[in-house]
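# Could you look at this predicted model? Sequence included:
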Amino acid sequence: MDSHHTKFSDWMKLQNQHIETVLGKFLQDSKVTPEYLHQAMRYAVLGGGKRIRAALIYATGLICNSSNPNYILGIKNSLDHAAAAIELIHAYSLVHDDLPCMDNAILRRGNPALHIKFGEAIALLTGDALQALAFEILAKISIKPDLTVKALKILASSIGSVGMVGGQAIDLQSVNQELSMEELKRMYSLKTGAVFSCCITLSSLILDINKTMQSSLDNYTKSIGLAFQIVDDILDTTTNESTLGKTSGKDALKNKPTYVSLLGIKQAKCMVQKLREEAHEALIPFGKSGFRLAEIADFIVFRKY
Ligand code: IPE
Ligand code: IPE
Ligand code: MG
Ligand code: MG
Ligand code: MG
């Protein structure tokens, strides 16, 4: 599915189509009872999103250069399970994030937020069910059982109270508060960075990447995770809803501390460029095999939505 000659945008398109098909198969059909819940789950997950997290998992997969076809097939299948699990978790986090009791946003991925279309109660349950499905899919990964247990633990800790959900809790508590740079960085590393890190850790586990390489990848992920959220904050203040496909201006409206509110747009943008350089540096040990990861870093930094 990859060639050095494929343009990044074309590669992303292929990855997106692929993960869309994979997700479509893992999700229950909308005719299965309870139909309304299954419709909502498909609505939350399919037909939208940049799929950056899935792309990260597949791009990390390219670091592996074994030529044994069976080995490669097993890896591809495992990467699909990991990518699907992560995209389900991400979709669940967005459904809950948009709820009136959280960010109270009404537009997501160019469509009405899930609770607008299906109601708040179903939005809660959709998130719950997507999370459960993510673990079910990851449990069916085709790697050794002890590694599967490890993968499940990694996912659980990445999204729990000292991971994504913990970050979301701090985000809510920070409304009308002033945070220091360090506190803000910590909040971002939890609410956004933890899921990005999880992508790379799961791929590393599947590919059996050694500790030294893993620590380089960790540095890469830390940089792009933080850059991703700072860009999200910048876009929230600078970009209109039709381009973003989601409710914008929410951070300032809710008086949430962000890198933009703390540093101003110009400095926030400088910071993003610095993080981009750090991400590229972290990839040096991978030589050519890290080229898609480098392109993803650029995509995160230069994206317009
Ligand atoms: C938005 O993530 C939520 C944050 C963590 C800031 P994305 O911008 O990746 O959302 P989609 O998947 O492309 O819709
Ligand atoms: C959300 O951050 C992070 C999640 C874990 C979902 P935001 O609240 O900034 O995400 P958007 O801007 O609504 O997509
Ligand atoms: Mg939020
Ligand atoms: Mg939000
Ligand atoms: Mg945002």
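In hand now; what should we look at? Ligands and ions are numbered 1, 2, ... in the order given.
# which residues of the stretch 1-150 of the chain fall in strands?
Per DSSP state E, counting those that start in this stretch, the stretch 1-150 of the chain carries strands over the ranges 107-108, 111-112.
# can you tell me which of those strands comes nearest to ligand 2?
strand 107-108 (7.6 Å; C-beta to the nearest ligand atom). Heads up, the C-betas are built off the backbone N, CA and C, glycines and all.
# For that closest one, give me every contacting residue.
Under the contact criterion C-beta atoms under 8 Å, 6 or more residues apart in numbering, strand 107-108 has outside partners 48, 94, 98, 113-114, 241, 245-247.
# give the contact list for the residue in the chain positioned nearest to ligand 5.
Among the residues of the chain, Asp232 lies closest to ligand 5, at 4.3 Å counting by C-beta to the ion. By C-beta under 8 Å, 6+ apart, Asp232 lies in contact with Thr192.
# one step back: to Gln267, which of the strands of the stretch 1-150 of the chain lies closest?
Minimum separation from Gln267 across these (C-beta to C-beta) falls at strand 107-108, 28.6 Å.
# what's across from Leu107 in the sheet?
Residues in a beta bridge with Leu107, per DSSP bridges, are Pro112.
# is any part of stretch 39-57 close to ligand 1?
Yes - between stretch 39-57 and ligand 1, judged by C-beta under 6 Å from any ligand atom, the touching residues are 49-50, 52.
# Pick the one among these closest to ligand 3.
Out of the residues of stretch 39-57 next to ligand 1, the member with the shortest distance to ligand 3 (by C-beta to the ion) is Gly49, at 15.8 Å.
# Touching, that closest one and Ala91? I think so.
Yes - if you go by C-beta atoms under 8 Å, Gly49 and Ala91 touch, sitting 7.4 Å apart.
# who's more crowded, these two?
Ranked by neighbour count (other C-beta atoms under 10 Å), Gly49 and Ala91 place Ala91 first, with 26 against 21.
# how much space between the closest residue to Val165 other than its chain neighbours and Trp11?
Of all residues not flanking Val165 in the chain, Ile159 sits nearest, at 6.2 Å (C-beta to C-beta, 6 or more residues apart in numbering). Distance of Ile159 to Trp11, computed by C-beta to C-beta, to the nearest Å: 27 Å.
# cool, Leu56 as well?
13 Å.
# just Tyr58 next, same as before
For Tyr58, the distance to Trp11 - C-beta to C-beta - is 9 Å.
# now swap in Gly24 and tell me
In terms of C-beta to C-beta, Gly24 sits 20 Å off from Trp11.
# Pick out whichever of the two has more residues nearby.
The neighbour comparison of Gly24 against Trp11 (other C-beta under 10 Å) goes to Trp11, with 21 against 14.
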